[in-house]
Every structure is written in structure tokens, then in C-alpha cells.
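In: Any chance you can model this:
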Amino acid sequence: MDIIQSVLNGDKRSIAKLITLVEEKSDDFINILKKIYKYTGRAITIGITGAPGSGKSSLVNKLTRILRTQNKKVGIIAVDPTSPFTGGAILGDRIRMQDLTLDEGVFIRSMGTRGALGGLSRACYDAVKILDASGMDYIIIETVGVGQSEIDIVKLADIVLLVMVPGMGDDVQAIKAGIMEIGDIFVVNKSDKDGADRLVTEIEMTLDLGSSKNSWKPPVIKTIATENYGIVELSENIEKVLKHMMQDDLLNVKRKSRIKQEIISLLTETLIENIIFRYSEKIDMLIEKVLERQIDPYSAMEIIISDVK
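Out: Numbers count the residues shown, from 1 in each chain. Okay, the predicted model is just below:
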């Protein structure tokens with residue numbers, strides 16, 4: 001049986017193998033992705049982001065367990081800003097999820113950012129498609145909330161959970177920095193800590209400021225993931241947000257935007273690679289001229305563009 005059919009049948013080993021082929025940009029991986037694409041679009045993708053130490057792995061673990069009681073298949077992509085197989089504490093959190101790997105209805109993969117400026121790598125986007133085609137009902141993408149990955153998760157997820165913890169200055173900074181705009185659900189985890197209610201109030205006040213009187217407001221949920229507190233409420237709110245998005249056609253709008261972004265990204269990537277390959281000698285010559293201040297970088301770019309035309 002070929003790898004495509006095995007992936008469509010949900011075979012874990014084949015799923016893992018195909019994700020590796022995508023990460024390594026092996027020969028023919030694009031043709032394989034083309035063939036499986038028509039089987040995608042059924043899974044709901046949930047992005048979970050927040051500062052290191054906010055308990056995201058525990059939330060993913062407990063949320064997955066609830067989804068499994070509903071007989072839903074779950075794919076988990078844990079995006080690690082270091083390499084996928086090292087990374088100390090960040091990957092250490094994932095040990096708590098190890099018992100989930102024994103569950104036939106759960107697939108877990110740790111992926112590096114692969115130098116994508118701290119954001120999500122191209123392979124991460126393709127891994128979501130592979131898991132979707134393999135029959136997963138939900139795909140959870142966990143990212144460490146550092147800069148670009150928080151913004152990227154919006155492009156990749158249907159629903160974004162922004163996880164905050166009382167007493168962490170990062171959360172107040174997030175509120176000030178406008179990262180609030182990316183969240184569909186706000187989770188105040190470790191809510192047994194001092195300042196949990198205050199943080200909930202701050203989030204709700206910020207959301208009130210940014211919305212009109214009758215508009216939909218993202219829910220704010222208190223959880224203690226390690227004790228399973230608030231996890232059922234969180235899963236119920238995910239369903240409510242999903243229902244709201246479907247009723248108002250927001251899910252389709254989001255997915256159209258994602259497709260547009262992906263096509264633009266692929267175009268940009270391919271065109272730039274082709275230009276650099278075709279004009280490598282000229283680029284090297286122009287670099288020398290810029291270095292010697294004979295021309296500036298903008299003029300160098302214009303010279304290359306005029307040649308491309």
C-alpha cells in the first residue's frame with residue numbers, strides 16, 4: 001500500500017513518515033501534498049499560544065482527553081522554538097503527554113520552527129494538511145508565545161486560545177501590545193494563583209473597549225489544568241465559538257484568508273528562490289557594488305527587477 005493511502009487510512013507510522021518528508025523537503029513531497037489536498041478541510045484546527053510556563057502542554061493534554069471521550073480523533077503539533085528533539089524544559093513539558101501516544105486516536109508530533117524567524121515553519125502548515133487528510137477531527141497546534149508564532153497561529157488555526165497566567169508581567173504586556181486581537185478564547189490558567197480574578201477583569205475590560213455593545217465577545221475561562229478544573233467549560237466554549245463562527249460565516253472568511261495567505265506565501269517563496277538562482281552572479285556583483293557604496297541596496301533591487309521584467 002502506498003504512503004498516500006496509508007495516511008488516508010490514518011496509519012500513524014505513515015503520517016509520521018510523510019511529515020518527515022515534508023520537513024526535509026524530500027523529492028516528490030509536493031506531488032504527495034497535491035494528491036491528499038482534496039481530502040482536507042474537515043478538521044477543526046485549534047491554536048494554543050501563550051508565554052512559556054503558562055501550562056499550555058497541560059491544557060492540551062486535558063483538552064485532548066475530553067475530546068477523546070467524545071470519540072474525536074486528535075492530532076497535536078507542538079511547535080518547539082529549538083530543534084524538535086532537544087529543547088530541555090519546553091520539550092520536558094511534553095513528557096506529560098506521553099501516555100496519550102498509546103491512544104490510537106491521538107497523534108503527537110513535535111516540530112521545530114526551522115529558522116522561520118521564530119514563527120511557524122512551512123512544514124507546520126503542511127503537517128496540518130496531512131493530519132487533516134488522515135481523518136483527525138481536531139488538530140491542536142501548541143506554540144510558545146514569542147513574537148511571530150503568535151501572529152502566525154492566527155493564519156493557521158480556526159480558533160485561537162490565548163493562555164495567560166496571573167502574576168506574569170508578560171500577560172499585562174500582551175494586553176498593552178494588542179496581542180488580545182488574536183484570541184477567540186482567553187484562558188486564565190493556574191487560576192488558583194493570586195491575581196487571577198484581577199487578570200480576568202483586565203482582560204474583560206480590554207475586550208469591552210474593543211467591541212461594540214451588541215457584538216460577540218470572546219469568552220474568558222479560568223482553568224487549573226493540572227487539576228482538570230475548568231477544562232469541561234473550556235471545551236464547551238470551544239464548541240460555542242465554533243457554532244458562532246459557522247453561523248456568521250466567520251469560519252469560511254478565516255479559511256479563505258488562510259488560503260490567500262498561503263498562495264501569496266508560496267508565490268513569494270518560489271519567485272524569490274527562482275530569482276536568486278537565475279541571477280546569482282549578478283546579485284554577487286551588485287553586493288560588491290553596494291559594499292563599496294557605488295550603489296545602494298534599493299538601486300540593486302531595481303536593477304534585478306528590471307532584468308526579471
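
In: Now stretch 190-199: buried residues?
Out: Buried residues in stretch 190-199, defined by neighbour count with 16 or more other Cβ atoms under 10 Å: K190, S191, A196, L199. C-beta here means a position set from N, CA and C on the backbone, and glycine is covered the same way.

In: if I look at the second one, how far off is T64?
Out: Going back to what we said before, that points to S191. 20 Å (Cβ to Cβ, to the nearest Å).

In: Likewise for the first one?
Out: Going from K190 to T64 by Cβ to Cβ gives 19 Å.

In: and if you look at V253?
Out: If you measure V253 against T64 using Cβ to Cβ, the figure is 27 Å.

In: neighbour-wise, which of these two wins?
Out: Each of V253 and T64 has its neighbours counted (other Cβ atoms under 10 Å); T64 has more, 21 against 11.

In: in which helix or strand would I find the more buried one?
Out: helix 56-69 (DSSP states H and E).

In: Would you map out the domains in this structure?
Out: Domain ranges of the chain: 3-247, 263-308, per automatic domain parsing.

In: Over to the first one now: how far is its first residue from its last?
Out: End-to-end distance of domain 3-247: 37 Å, with Cα to Cα, to the nearest Å as the criterion.

In: now swap in the last one and tell me
Out: Between the start and the finish of domain 263-308 there is a gap of 21 Å, counting by Cα to Cα.

In: mean confidence for that domain?
Out: Averaging pLDDT along domain 263-308 gives 94.

In: I'd assumed D2 was in contact with K35.
Out: No. Using Cβ atoms under 8 Å, K35 is not in contact with D2; the gap is 9.7 Å.

In: Looking at those two, which one has more neighbours?
Out: Between K35 and D2, K35 has the larger neighbour count (other Cβ under 10 Å), namely 14 against 10.

In: How much space separates the closest residue to that one other than its chain neighbours from A43?
Out: In this structure, K35 finds its nearest non-sequential neighbour in I4, 5.6 Å apart by Cβ to Cβ, 6 or more residues apart in numbering. Look at I4 and A43: by Cβ to Cβ, they are 17 Å apart.

In: In terms of packing, which of the two has more residues around it?
Out: Legend: neighbour count by other Cβ under 10 Å for I4 and A43, higher for A43 (22 against 17).

In: Could you report the pLDDT at the nearest residue to that one once chain neighbours are set aside?
Out: Distances taken as Cβ to Cβ, 6+ apart put D132 closest to A43, at 4.2 Å, once the chain neighbours are dropped. For D132, the model assigns a pLDDT of 98.

In: I'd say D132 and G41 touch.
Out: Yes. D132 lies in contact with G41 (Cβ under 8 Å); the separation is 6.9 Å.

In: For the two, work out which one has more neighbours and name it.
Out: Using other Cβ under 10 Å, the more surrounded residue of D132 and G41 is D132, with 21 against 10.

In: who are the neighbours in contact with the more buried one?
Out: When contacts are counted by Cβ atoms under 8 Å, 6 or more residues apart in numbering, D132 touches Y39, T40, G41, R42, A43, T45, G75, I139.

In: Could you check the pLDDT of the fifth one?
Out: Per-residue confidence at A43 stands at 98 (pLDDT).

In: I'd say it and S134 touch.
Out: No. Assessed by Cβ under 8 Å, A43 is found out of contact with S134, at 9.0 Å.

In: Identify the contacts common to those two.
Out: Both A43 and S134 are in contact with G75, where contact means Cβ under 8 Å, 6+ apart.

In: May I ask you to name the longest helix in this structure?
Out: When the chain is parsed with DSSP state H, its longest helix is helix 250-278.

In: Name the next helix or strand downstream of it, please.
Out: Toward the C-terminus, helix 250-278 is succeeded by helix 280-291 as the next helix or strand (DSSP H and E).

In: where are the low-confidence patches of this protein?
Out: In the predicted model of the chain, residues 1, 81-97, 113-119, 145-151, 169-178, 212-214 satisfy pLDDT under 70.

In: Spell out, range by range, the strands that occur in it.
Out: Counting by DSSP state E, the chain has strands at residues 44-50, 74-80, 106-112, 138-144, 159-164, 185-188, 220-222.
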